[in-house]
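> I'll drop the sequence and a predicted model, then ask my questions.
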Amino acid sequence: MSKLLTIKDLSVAYGGIQAVRGISFDVSEGEVVTLIGANGAGKSSTLRSIVGLVKPSGGSVLFQDKELSGLTTENIVKNGITLVPEGRRVFVNLTVYENLKMGAYMRKDNLEADLNWVYDLFPRLKERNWQSAGTLSGGEQQMLAIARALMSRPKLIMMDEPSLGLAPLVVQGVFDIIREINKQGVTILLVEQNANMALKAADRAYVMETGQITMSGSGQDLLENEEIREAYLGKKAKK
Amino acid sequence: MSRKTETVINVVLIGALLLVLFILEQTLPSTHMIFTVLKKGAIYALVAVSMNLLNGFTGLFSLGQAGFMLVGAYTYGVLTIPVADRANVYMYFNGGLIQFALHPIIAIVLAGVMAGIFAYLIGLPVLRLKSDYLAIATLGFAEIIRAIFQWDKLGPITNGSNLLRSYPSYKSLLFYFIASGVCIALIVMLINSTYGRAFKAIRDDEVAAEAMGINLAHHKQIAFVVSSFFAGVSGALLAMYQTSVQAAMFKSAMTYEILLIVVIGGIGSITGSCISSFLFIILSEWVLRFLDSEMYIGDVRVPLLRSGFRKVVFAVIIMIIVLFFRKGIMGTNEFSVRRIFGRSADKKAKGGSANE
């Protein structure tokens, strides 16, 4: 598998506070990779700096051998990366249809095929096509946020805590969709606090603590790792 | 209902409106109050819609509208005063610097362009601010513009703090309606375009909009400049309507009036702004005029009624609206032919937009 995204010594600082301290990792084409860790570990900052919402204070972001750090978000999205931001952040006063069109804002070609593709993935959105996004339930909004990101036809889709604030059953649905999208050829970089679900869905995983990567391995390995189970899954987590 | 029938009905309605205005103009004496109200209403409708484009659709709370109207009004006045009258108008400045006069229509467009240029320059630093801070900064800049235009050193161009007058103006009611209508139609087209959708996305969630690849600074700048362009045009129309213009009238109180119109109409509703601007002008210029004049019933003087009381009543109205009717008359809805005659029929038509 060829490397799609390679992060080298990436660091992010907000004023004097170092949120990410020189981390390196990579994502290969077709993989689901997850970054897990506690609050404030720097996971979201990592994603935000990859997509250019915050400027990294150092290091490099290589995407298909192209240096992305320093580019504007606009150009990074054009290169084929999208972010599903934390907390859904759909455009509540726009209709579902308009939300989807916003996802494809950087594209000038015909959207028909992709609209049908996301409607197939999320039949519920088709039903609610003309409803304003604010009237959707939390789970539906998360689906819309993912669908909106897919509309840009990304090679890599990055999701920031897609399970945040959702009921367990809905979370299951979100992860089903993640697998389905991945099966259809989209590479996924997933940030999660729900370590259990994330590790089960992921091919590989990295554990972040206070701005650094402290552990990595296959999803299955980490799931069985004693330390991880103690820190993130609860000591008595059943296997 | 198909798009075609909708267009036909719209055209017929617009035609009927213009016909009614035309008949009014032919039958009533030209000094009738209704012409004042309709002309000013049309002008305020335009500036209210331009403000709504910023405040309602792009989510930029800007209070600079009066300043940009001033730029437009002055650009129009300065560029159209006939050369023969200049010595008279610019009597303190030896007839002024500019010794040519443009056609009114060209001057109106230039009025918009000039306001747009001012907006672009002001926007560079100011649009980095958010919410209240943006409002304060734009309000400040509007006042600075007013001060600059009154500055004595610029007298040869702006006539300092003296009146600009003697410039040509159209008297016909139809002119104001058509000019304002065309401009509002252009704004509606912008709002329904891809750019308009991006504006609304920015309003709803800046972070998500940015993550979609929308260049925030660029789009905000576009909205700001376009809004100011049309504020400038409406300033030119206002100058034309008043036949004389002075910087002193474009105070922040004027911006508040426009803001009040936008809020009453519904932030995010074009038709709401139009309806409420006519409503506001009818009330303030006509119906509630009596509040400002003393009145006697028999020998007893009615209490409270005296010059300035109208403003007090408006202040109370503002408070009531802000407290109890935050959505205004229309909320974010629009009033259209489609809405009245069955909208469900072609709701599913491709390319439909939220404003229908």
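Now that the structure is in, tell me what you want to look at.

> just for chain A, where's the confidence low?
A:1, A:234-239 (pLDDT under 70).

> what's the longest helix in it?
Counting residues, the longest helix found in chain A (DSSP state H) is helix A:168-183.

> What are the buried residues along it?
By neighbour count on 16 or more other C-beta atoms under 10 Å in any protein chain shown, the buried set for helix A:168-183 is A:170, A:171, A:173, A:174, A:175, A:177, A:178, A:181, A:182. (Glycine included, C-beta is placed from N, CA and C.)

> Quick check: the first one vs residue A:124, distance?
Put plainly, it is residue A:170. According to C-beta to C-beta, to the nearest Å, residue A:170 and residue A:124 sit 12 Å apart.

> next one: residue B:303
Counting by C-beta to C-beta, the gap from residue B:303 to residue A:124 is 63 Å.

> Compare those two (neighbour count), which wins?
For residue B:303 versus residue A:124, neighbours defined as other C-beta atoms under 10 Å in any protein chain shown are more numerous around residue A:124 (17 against 7).

> quick one on the thing from earlier: go through the buried residues of helix A:168-183 and name the one nearest residue A:18.
Residue A:18 lies nearest to residue A:178 out of these, by C-beta to C-beta, at 30.3 Å.

> what about the closest residue to chain B within chain A, neighbour count?
Closest approach between chain A and chain B, counting by C-beta to the nearest C-beta: residue A:77, at 3.4 Å. Number of residues near residue A:77 (other C-beta under 10 Å) recorded here: 26.

> Let's check: the centremost residue of chain A is which one?
Centroid-nearest residue in chain A: residue A:159, 1.6 Å away (criterion: C-alpha atoms, centre = their mean).

> Doesn't that residue belong to a helix?
No: with DSSP: H, G, I helix; E, B strand; the rest coil as the criterion, residue A:159 is assigned strand and is not in a helix.

> Show me the strands in chain A, by range?
Secondary structure of chain A (DSSP state E): strands at A:3-14, A:17-28, A:32-37, A:58-63, A:66-67, A:81-84, A:156-160, A:187-192, A:204-209, A:212-218.

> what helix or strand is the closest residue to residue B:260 other than its chain neighbours on?
Take residue B:260 and drop its neighbours on the chain: the residue closest to it by C-beta to C-beta, 6 or more residues apart in numbering or on different chains is residue B:318, 5.9 Å away. Under the criterion DSSP states H and E, the helix or strand holding residue B:318 is helix B:309-324.

> Can you list the neighbours in contact with that helix?
For helix B:309-324, contacts defined as C-beta atoms under 8 Å, 6 or more residues apart in numbering or on different chains pick out B:260, B:263, B:264, B:284, B:288, B:289, B:291, B:292, B:328.

> Just list the residues touching the fifth one, thanks.
To tie it back to what came earlier, the one meant is residue B:288. Residue B:288 makes contact with B:310, B:313 under the criterion C-beta under 8 Å, 6+ apart.

> Ok, residue A:29 next?
Residue A:29 sits next to A:1, A:2, A:3, A:4, A:155, A:187 when contact means C-beta under 8 Å, 6+ apart.

> Mind picking the two most distant members of those?
A:1 and A:155 (13.3 Å).

> quick one: the longest helix seen in chain B to chain centroid distance?
As assigned by DSSP H, the longest helix anywhere in chain B is helix B:216-242. The chain centre lies 8 Å from the centre of helix B:216-242; the measure is C-alpha atoms, centre = their mean, to the nearest Å.

> next helix or strand past that helix?
Per DSSP H and E, the first helix or strand lying C-terminal to helix B:216-242 is strand B:244-245.

> What's the first helix or strand after that following strand?
Downstream of strand B:244-245, the first helix or strand assigned by DSSP H and E is helix B:252-265.

> Please, which helix or strand holds the residue positioned nearest the centre of chain B?
By C-alpha atoms, centre = their mean, chain B has its centre lying nearest to residue B:47, at 1.0 Å. Secondary structure from DSSP H and E places residue B:47 in helix B:33-52.

> How far off centre is the helix holding residue B:318?
Relative to its parent chain, helix B:309-324 has a centroid offset of 21 Å by C-alpha atoms, centre = their mean.

> same deal with stretch B:316-325?
On C-alpha atoms, centre = their mean, the centre of stretch B:316-325 falls 22 Å from that of its chain.

> Over to stretch B:314-327?
Mean C-alpha position of stretch B:314-327 versus that of the full chain (C-alpha atoms, centre = their mean) differs by 21 Å.

> Likewise for stretch B:63-73?
9 Å.

> got it, and stretch A:79-87?
Using C-alpha atoms, centre = their mean, the offset of stretch A:79-87 from its chain centre is 6 Å.

> Is any residue of that stretch near chain B?
Yes: using C-beta under 8 Å from any C-beta of the partner chain, stretch A:79-87 reaches chain B at A:82, A:83, A:85.

> Quick check: phi and psi at the last one.
Summarising the backbone geometry of residue A:85 under the convention degrees, to the nearest 10, its torsions are phi -70, psi 160.

> so what's it up against?
Counting by C-beta under 8 Å, 6+ apart, the residues that residue A:85 touches are A:145, A:160, B:207, B:208, B:211.

> I figured the second one hits residue A:84, correct?
Yes: taking C-beta atoms under 8 Å as the contact criterion, residue A:160 and residue A:84 are neighbours in contact, 6.4 Å apart.

> Chain neighbours aside, what residue packs nearest to the residue nearest to the centre of chain B?
Sequence neighbours aside, residue B:234 is the residue nearest to residue B:47 in space, at 4.0 Å (criterion: C-beta to C-beta, 6+ apart).

> Tell me how many other residues crowd the one you found.
33.
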